[in-house]
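1. Quick one: sequence plus predicted model below, questions after.
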4 protein chains.
Amino acid sequence: MKFKTKISKTEGNKHSIRGKNLLELIEKHSFTDVIFLLLRGDIPNEKEKALLEAMLVASVENGLEAPSLFVPRVVAASGNDMHVALAAGMLAIGSKHGGAGEQAAMLLASNLSATDIVAQERIVPGFGHKIYKEEDLRARALFEKAKSLGFSPPAGGCYFKKAYEIEAKLAEKKGKKLPLNIDGAIAAVMLELRFDPRLGKAFFLIARIVAMASHVKEEMEQQNSYYRLDETEIQNEE
Amino acid sequence: MKFKTKISKTEGNKHSIRGKNLLELIEKHSFTDVIFLLLRGDIPNEKEKALLEAMLVASVENGLEAPSLFVPRVVAASGNDMHVALAAGMLAIGSKHGGAGEQAAMLLASNLSATDIVAQERIVPGFGHKIYKEEDLRARALFEKAKSLGFSPPAGGCYFKKAYEIEAKLAEKKGKKLPLNIDGAIAAVMLELRFDPRLGKAFFLIARIVAMASHVKEEMEQQNSYYRLDETEIQNEE
Amino acid sequence: MKFKTKISKTEGNKHSIRGKNLLELIEKHSFTDVIFLLLRGDIPNEKEKALLEAMLVASVENGLEAPSLFVPRVVAASGNDMHVALAAGMLAIGSKHGGAGEQAAMLLASNLSATDIVAQERIVPGFGHKIYKEEDLRARALFEKAKSLGFSPPAGGCYFKKAYEIEAKLAEKKGKKLPLNIDGAIAAVMLELRFDPRLGKAFFLIARIVAMASHVKEEMEQQNSYYRLDETEIQNEE
Amino acid sequence: MKFKTKISKTEGNKHSIRGKNLLELIEKHSFTDVIFLLLRGDIPNEKEKALLEAMLVASVENGLEAPSLFVPRVVAASGNDMHVALAAGMLAIGSKHGGAGEQAAMLLASNLSATDIVAQERIVPGFGHKIYKEEDLRARALFEKAKSLGFSPPAGGCYFKKAYEIEAKLAEKKGKKLPLNIDGAIAAVMLELRFDPRLGKAFFLIARIVAMASHVKEEMEQQNSYYRLDETEIQNEE
């Protein structure tokens, strides 16, 4: 079997990505531009860039208690290099952690109405959070950002609209609030920006890797011995 | 042993990173700002942001022939999810591939002069490339970008200056050009931006993960069977 | 959430696995005994041990063309340590490579007859092989081993019997042979030995890790530079 | 660059490992035989087999508090498949955990005397343990096993002899016992069996993967949600 790609091409000294010369990209384009180029296929406008950046910022770090951050620290403390610890962090997410974005995006992108979705699904991905019982403020902040950038009806915003309808229907059905969470909000943003729903985990990790690197560096500087599960505890330092 | 961190803190509903409220970061700051905040500790100015973005763009993709890109495709084709393929891509770099940035940064940051470095090291990391024999144009583009942004003497640029001195001394010593490569240029940029040299592999991966995700998505869409080594070949599609 | 385990327990200086003192296990039991103890819950008889060993030998190595063997070599050549290369090898298997054992075991263990299975499944996992078109001799050798150890009717052997019935029905349906392959034979052996079908990938990797280690060691001794996809080829040395 | 291997060869339907037909290996040889064949290059005698088995049993499981066992459970709980969790377990060892075997073997194999080693090294790998302050009974059991199998002077046993000399000198120097631990004992066994010292981590993982699989299976059966670091605790179930 052959590897086949339409993403990039090298001809002699010249490398191009989606038909654009890499040197020109370095000279004239932002990292965010290239994220769109690689993952959507074209260069975004300013509003799209700003919304994607907000989504990445919202995903980057939410405390080292998450597996995606404590696992890399554990692996670094066992005596491993940065890239190995980052790999372990990637493995620490999955269908039950960090993976709800994709599932939520599939539902939001489907033809099902909010009512249908709540009736049909026992657990609706992208809603509810272990810690944030009433509201995931990161999700709210993303929504506000989207609105302020013009991703609101009639120009856009239909995925956030549907998401908040689901939140309302869920509260009715369950008798308690299961707020739109960061995964659900990422799902809405991805769809507003016309990304493929299946990129949910990829976007989470494109952001989260930065915090992983920060935590791994801190871990290395502390020169700790390896972690045994029966001896761990978290301590905030001022 | 306890986990100890100064990076972030959660108090009730409020999460802060390096003392800054996450919600404020979402509202007012770019992803690049947060990369600096997490990895350098403070918010950058506009010139610093622009230079970091150029460095990330320069690292993002250089053809699927690199282990960091074909390994994730192989892993995806075996029937694995996005985050698993990305983890495998992280593992595909190491001290001999994608790791020269850190080593180059250590040398550039040291008290050794260019002459000393060339005299002392049998192989100088950050110089020479399997494909680019005369000049790694990505490295040159980064240098030009830095210069155009004002990272040039006397305001800055001393790490690029030292790097090109090494290139010149190396050519004398070896009798052939071993051009400053992308790893060496990343090293110079990291130092100009006052990042810790040991973040070399982290920065490479923060950029490269975007191309990994793009290649993994393409691989999944092709619904290939798994790769056997004796059946592989590369084919560019228009 | 708490970690809960029934597998092992440490009390002071004494560690036990499934209620058996570790020191006694070291003194009196083979590695294969402990594999059964950990994965089935009890100590096997001699025939069971012999059959499991044959299954592990059959899975261990079938040429470095498989992703589970060339990926670890690629990762080692990039400049990584043994355990990192082994991890990458684990990631190189998945639902489409090395994963058919579990799926085959589920079918063999189900109430469905061979006729039902062939009628119902478009592709029957555990049958057919890219290379072995007529017969996967490793599968046949496992069957012969099982028979010679007494895993044959009426004392046992019902899973192999069902597997060969499927092979026959498949040949009728497809008009060409899709032989029972190593994954299918592993499935049959696992079931004869009363292991949980979901351990298919685990058993494959318990065997395969030995060959991975052998290949990674050889790779390290060759002190190769990293692999680029456009430069690879296989060469057998005498 | 080409992949070059002397380990195995496929010619038509016939696959051989180190010159031995795979089918014959399945028929006539144990898994342990094949471990020697792949990692030492030849078939062992009965005493060698028994000692290697004891070493593998001694390494297999020592409580889920070790990173190599709790990390796979964390990764499985996040919603990942067996092979992904096993990969994460591989990454959880490193130079500071599970890696001392290689370092100890290097020292034991060197020309340095026990006195030299203790004088020269600030920390001697393979000695001392977080939990076992007076004696690592697993190490002692391995020593007894080796002795009972005839690996004792003058026929063998010189690496254990040297190891216990180091233990004695260390106690003198430090004023407290730093007992030969499991890593040090594995080092001695590896050398008695004429394995390459650099296989230390490989052997640890060849054993440990079985316990990882057992723990991951138990984790999956518990159908837990993902682990947050602030909510973890260990609970033994009877």
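-> Perfect, I can see it now.
2. you'd agree A:Ala207 is up against A:Val60?
-> Yes: with contact defined as Cβ atoms under 8 Å, A:Ala207 reaches A:Val60; the gap is 4.6 Å. No exception for glycine: its C-beta is placed from N, CA and C like everyone else's.
3. Tell me where chain A has helices.
-> Using DSSP state H, the helices of chain A run over A:22-28, A:31-39, A:46-59, A:67-77, A:82-91, A:100-109, A:114-120, A:137-148, A:158-174, A:182-192, A:200-222.
4. For chain A, which residue gets nearest to chain C?
-> Residue nearest to chain C within chain A: A:Val84 (5.4 Å; Cβ to the nearest Cβ).
5. how deep is that residue tucked in, by neighbour count?
-> Neighbours of A:Val84 under the rule other Cβ atoms under 10 Å in any protein chain shown: 30.
6. hang on, isn't it packed against C:Leu86?
-> No: A:Val84 is not in contact with C:Leu86 according to Cβ under 8 Å; the separation is 11.9 Å.
7. Quickly list the domain ranges of chain A.
-> Structural domains annotated on chain A: A:14-44, A:47-61+A:96-207, as defined by automatic domain parsing.
8. Redo these as JSON lines? Include mean pLDDT.
-> Output for these, formatted as JSON lines (pLDDT from 0 to 100):
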{"stretch": "domain A:14-44", "mean pLDDT": "97"}
{"stretch": "domain A:47-61+A:96-207", "mean pLDDT": "93"}
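9. Ok, which of these comes nearest B:Glu65?
-> Judged by Cβ to Cβ, the one of those that comes nearest to B:Glu65 is domain A:14-44, at 11.0 Å.
10. tell me which residues of that closest one are tucked away?
-> In terms of neighbour count (16 or more other Cβ atoms under 10 Å in any protein chain shown), domain A:14-44 has its buried residues at A:15-18, A:20, A:22-23, A:25-26, A:29-40, A:43-44.
11. Looking at the helices of chain A, which one is packed in the most?
-> helix A:82-91 (a mean of 31; mean count of other Cβ atoms under 10 Å in any protein chain shown).
12. Run through the neighbouring helices and strands of it.
-> With contacts taken as 3 or more Cβ pairs under 8 Å, 6 or more residues apart in numbering or on different chains; DSSP states H and E, helix A:82-91 sits against helix A:67-77, helix A:200-222, helix B:82-91, helix B:200-222, helix D:82-91.
13. and these as CSV, adding distance to C:Glu165?
-> Below are those laid out as CSV (distance: least, Cβ to Cβ, whole Å):
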stretch, distance to C:Glu165
helix A:67-77, 45
helix A:200-222, 41
helix B:82-91, 35
helix B:200-222, 35
helix D:82-91, 28
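14. Tell me which of the ones you listed lies nearest to C:Ser110.
-> Smallest distance to C:Ser110 across those (Cβ to Cβ): 20.1 Å, for helix D:82-91.
15. if we can go back for a sec, let's have the domains of chain A in JSON lines, adding distance to A:Asn224.
-> Putting the domains of chain A into JSON lines (distance: least, Cβ to Cβ, whole Å) gives the following:
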{"stretch": "domain A:14-44", "distance to A:Asn224": "32"}
{"stretch": "domain A:47-61+A:96-207", "distance to A:Asn224": "20"}
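16. mind putting the ones you listed in TSV, distance to chain C included?
-> Listed next are those as TSV, based on distance: least, Cβ to the nearest Cβ, whole Å:
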stretch	distance to chain C
domain A:14-44	14
domain A:47-61+A:96-207	10
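17. Distance to D:Lys2 for the helices of chain A - can I get that in a markdown table?
-> Converted to a markdown table, these look like this (distance: least, Cβ to Cβ, whole Å):
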| stretch | distance to D:Lys2 |
| --- | --- |
| helix A:22-28 | 29 |
| helix A:31-39 | 31 |
| helix A:46-59 | 41 |
| helix A:67-77 | 33 |
| helix A:82-91 | 26 |
| helix A:100-109 | 39 |
| helix A:114-120 | 54 |
| helix A:137-148 | 50 |
| helix A:158-174 | 51 |
| helix A:182-192 | 43 |
| helix A:200-222 | 33 |
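18. still on that earlier bit, and the domains of chain A: which comes nearest chain D?
-> Of the domains of chain A, nearest to chain D by Cβ to the nearest Cβ is domain A:47-61+A:96-207, at 3.5 Å.
19. need the contact list for the nearest residue to A:Lys49 once chain neighbours are set aside.
-> Excluding its sequence neighbours, the residue lying closest to A:Lys49 (Cβ to Cβ, 6 or more residues apart in numbering or on different chains) is A:Thr32, at 4.7 Å. By Cβ atoms under 8 Å, 6 or more residues apart in numbering or on different chains, the residues touching A:Thr32 are A:44, A:49, A:52-53, B:31, B:53.
20. near chain D, which residues of chain A show up?
-> Within chain A, the residues that sit near chain D (Cβ under 8 Å from any Cβ of the partner chain) are A:64-67, A:70-71, A:74-75, A:77-80, A:84-85, A:87-88, A:91-99, A:130, A:225-232, A:234.
21. quick revisit: need the overlap of contacts for A:Ala207 and A:Val60.
-> B:Phe31.
22. A:Asp196 contacts B:Ser214, correct?
-> No: contact criterion Cβ under 8 Å: A:Asp196 and B:Ser214 do not qualify, at 10.7 Å.
23. any shared contact partners between the two?
-> A:Leu39.
24. hang on, the earlier thing: could you say which one of the domains of chain A comes nearest to B:Asn111?
-> Using Cβ to Cβ as the measure, domain A:14-44 is the one of the domains of chain A that comes nearest B:Asn111, at 30.8 Å.
25. chain center to the closest one, what's the gap?
-> Using Cα atoms, centre = their mean, to the nearest Å, the mean C-alpha position of domain A:14-44 is found 21 Å from that of the whole chain.
26. Next, work out how far apart the residue nearest the centre of chain A and A:Asp81 are.
-> The centroid of chain A falls nearest to A:Phe204 when counting by Cα atoms, centre = their mean (2.4 Å). The gap separating A:Phe204 from A:Asp81 is 23 Å, by Cβ to Cβ, to the nearest Å.
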